[in-house]
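K.L.:
Please find the sequence and the predicted model below.
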Amino acid sequence: MLERLNQALEHLESCLDREIDMAEVAGIAAVSEYHFRRLFSALAGMPLPVYVRRRRMTLAGADVLAGELTLLDVAVRYGYGSGEAFARAFRSVHGIGPGEARRTGAVLTAQPRMSFRVVVEGSTTMRYRIVEKAPFRVVGRKARVPLVHEGPNAAATAHVESLDEQAIVRMKALAGREPEGIFSAVVHLTGSREEGAEVDYWVGVATGPGTTAEDLDALDVPAGTWAVFDNRGPYPSSLQELWRDVFTQWFPSNPYASRPGPEFLRTQPVEIGAETDSQLWIPVERSSGSAG
């Protein structure tokens with residue numbers, strides 16, 4: 001899979017001076033566009049659109065300093081319909097406008113071309129199973145919170161602490177399907193996985209379709225497949241590392257791709273840093289190619 005990902009990045013690089021068809025790029029990697037974006041973000045540590053913008057502005061910066069094209073010509077070359085839009089993108093990467101950069105010969109910021117390779121560590125094993133589920137409903141309470149990649153998520157913690165005893169009792173009475181008991185669910189609102197991107201964060205239980213309960217929200221989950229990972233370690237760092245390892249190690253080594261859908265986490269509330277057993281559910285589908 002890494003070889004195909006690198007071929008996709010080679011193709012993306014050739015398209016920086018025109019509109020990029022991300023579905024075509026993902027097709028070269030033999031995965032869906034959704035999975036390609038998520039896999040790239042996990043491997044690269046930045047969302048795909050950010051990388052594309054930085055690469056474009058790296059090339060544009062060289063053209064600006066060369067002085068052979070007008071600034072408008074440079075803007076058009078890299079897909080910007082106006083000088084103002086180009087200047088904003090240029091400044092977001094280089095910290096200076098293109099006109100000023102040309103006049104002063106300023107020091108600019110370069111985003112190197114990216115490629116992926118395998119680093120064999122040989123010390124980590126991942127326990128998982130594949131679960132097929134019929135349609136079901138999550139009943140509980142939701143809040144909109146920002147993504148936090150490292151350390152505690154204060155907004156998510158505040159949501160959990162806001163649950164009253166009556167709501168918890170009602171949820172426990174409705175539980176009876178996997179994931180078992182009370183768990184959290186994350187529904188991503190956009191394709192971005194940047195730190196601070198907003199998600200719907202649920203605390204609830206899995207019930208049958210159509211189940212309702214007073215004062216509780218309901219999330220209908222279509223039938224689908226989940227990869228379920230068991231984990232034990234200090235909370236929450238081991239879970240954040242597990243999520244990263246799923247995308248950087250498990251997906252490239254297995255014939256599955258991520259798909260849209262809620263991610264579930266079942267864990268017992270513990271003190272920060274305490275050891276705990278957890279279970280992470282990631283929505284997946286069989287990929288169109290082998291995992292080689």
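P.N.:
Okay, I see it.
K.L.:
Spatially, and excluding backbone neighbours, which residue is closest to Gln240.
P.N.:
Residue nearest to Gln240 in three dimensions, not counting chain neighbours: Glu150, with 6.1 Å by C-beta to C-beta, 6 or more residues apart in numbering. Where you see a C-beta, it was placed from the backbone N, CA and C, and this is true even at glycine.
K.L.:
do Ala42 as well
P.N.:
Distance criterion C-beta to C-beta, 6+ apart; nearest residue to Ala42, sequence neighbours excluded, is Phe247 at 3.2 Å.
K.L.:
The one you found and Ser258: what is the separation?
P.N.:
8 Å (C-beta to C-beta, to the nearest Å).
K.L.:
quick one: which of the two has more around it?
P.N.:
Neighbour count, other C-beta atoms under 10 Å: between Phe247 and Ser258, Ser258 has more, with 24 against 19.
K.L.:
just checking, that one touches His35?
P.N.:
Yes: counting by C-beta atoms under 8 Å, Ser258 sits close enough to His35 to count as a contact (4.7 Å).
K.L.:
residues bridging contact with the two, i.e. touching both?
P.N.:
Phe251 (C-beta atoms under 8 Å, 6 or more residues apart in numbering).
K.L.:
Pull the contacting residues for Ala185.
P.N.:
138, 140, 201-204, 219, 262-265.
K.L.:
Describe which strands the host helix or strand of it pairs with in its sheet and in which direction.
P.N.:
Per DSSP states H and E, Ala185 falls inside strand 183-188. Strand 183-188 has the following sheet partners, assigned by DSSP bridges: strand 198-207 (antiparallel), strand 263-267 (antiparallel).
K.L.:
could these be laid out in CSV, adding distance to Gly61 and mean pLDDT?
P.N.:
Putting these into CSV (distance: least, C-beta to C-beta, whole Å; pLDDT from 0 to 100) gives the following:
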stretch, distance to Gly61, mean pLDDT
strand 198-207, 32, 94
strand 263-267, 38, 91
